[in-house]
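Peer 1: have a look; sequence and predicted model below, questions after that.
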Amino acid sequence: MTCLRTHSKSTILDHMHLKCKCHGLSGSCEVKTCWWAQPDFRAIGDYLKDKYDSASEMVVEKHRESRGWVETLRAKYALFKPPTERDLVYYENSPNFCEPNPETGSFGTRDRTCNVTSHGIDGCDLLCCGRGHNTRTEKRKEKCHCIFHWCCYVSCQECVRIYDVHTCK
């Protein structure tokens, strides 16, 4: 979805917290220095992701007023609670990045390497957009059993390792 308003600045300000440090002998706190600290990046990311997942779909309505044509946004589904000033809203669906699209610059996800054990965005279920994945076995030569010789070189053996590589259909 294409989000209309994000309030990321106010989100960061809302999550600012006071940090203090004591100065003095053995941490006696004779002098205390405090400052406003930014929130943890992960906390802000999780907060914005929750907002994104619960964004409200809107409809653009045009109507005539004394100053001319005016566009306003109305919630598409009246059964849901109307969005507040702090909610994310959108009126256009996001492009489908599963398929190639020269307009958006998306190459699609066919032949992309995916992680078969992950449930995240790199996982085959999500990344392959429900199309499934192929698995092939690759043999790779790698350096192994390396030994550091004093002074000053490293000697290694060459090992062949076998990997399963998963790619989107």
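Peer 2: Looks like it arrived, so ask away. Residues are numbered from 1 along each chain as shown.
Peer 1: for the chain, longest helix please?
Peer 2: When the chain is parsed with DSSP state H, its longest helix is helix 41-53.
Peer 1: check which residues of that helix are buried.
Peer 2: Using 16 or more other C-beta atoms under 10 Å as the test for burial, helix 41-53 gives I44, Y47, L48, K51. Where you see a C-beta, it was placed from the backbone N, CA and C, and this is true even at glycine.
Peer 1: what pLDDT does the model give C159?
Peer 2: Note on C159: pLDDT of 96.
Peer 1: report how many residues lie close to it.
Peer 2: The tally of other residues near C159 (other C-beta atoms under 10 Å) stands at 11.
Peer 1: go on, T109?
Peer 2: Quick note: T109 (other C-beta under 10 Å) scores 20 neighbours.
Peer 1: before we move on, what SS does it have?
Peer 2: Per DSSP: H, G, I helix; E, B strand; the rest coil, the secondary structure class of T109 is coil.
Peer 1: where's E71, which helix or strand?
Peer 2: If you go by DSSP states H and E, E71 is part of strand 68-75.
Peer 1: tell me who's in contact with V154.
Peer 2: Taking C-beta atoms under 8 Å, 6 or more residues apart in numbering, we find V154 in contact with C146, I147, F148.
Peer 1: mind checking the backbone torsions on the first one?
Peer 2: What it means is C146. Note on C146: its backbone torsions stand at phi -80, psi 140 [degrees, to the nearest 10].
Peer 1: just give the nearest non-adjacent residue to it, would you?
Peer 2: Once flanking residues are discounted, C146 sits nearest to C156: 4.1 Å by C-beta to C-beta, 6 or more residues apart in numbering.
Peer 1: low pLDDT regions in the protein?
Peer 2: Applying pLDDT under 70 to the chain flags residues 1-10, 27.
Peer 1: the helices in it, which residues?
Peer 2: All helices of the chain, identified by DSSP H, fall at 8-14, 41-53, 124-127.
Peer 1: so what's the closest residue to K76 other than its chain neighbours bridging to?
Peer 2: Spatial nearest neighbour of K76, chain neighbours left out: E57 (4.4 Å); criterion: C-beta to C-beta, 6+ apart. Counting by DSSP bridges, E57 is bridged to Y90.
Peer 1: how near is E57 to H119?
Peer 2: Distance of E57 to H119, computed by C-beta to C-beta, to the nearest Å: 26 Å.
Peer 1: tell me which of the two has more neighbours.
Peer 2: E57 (15 against 9).
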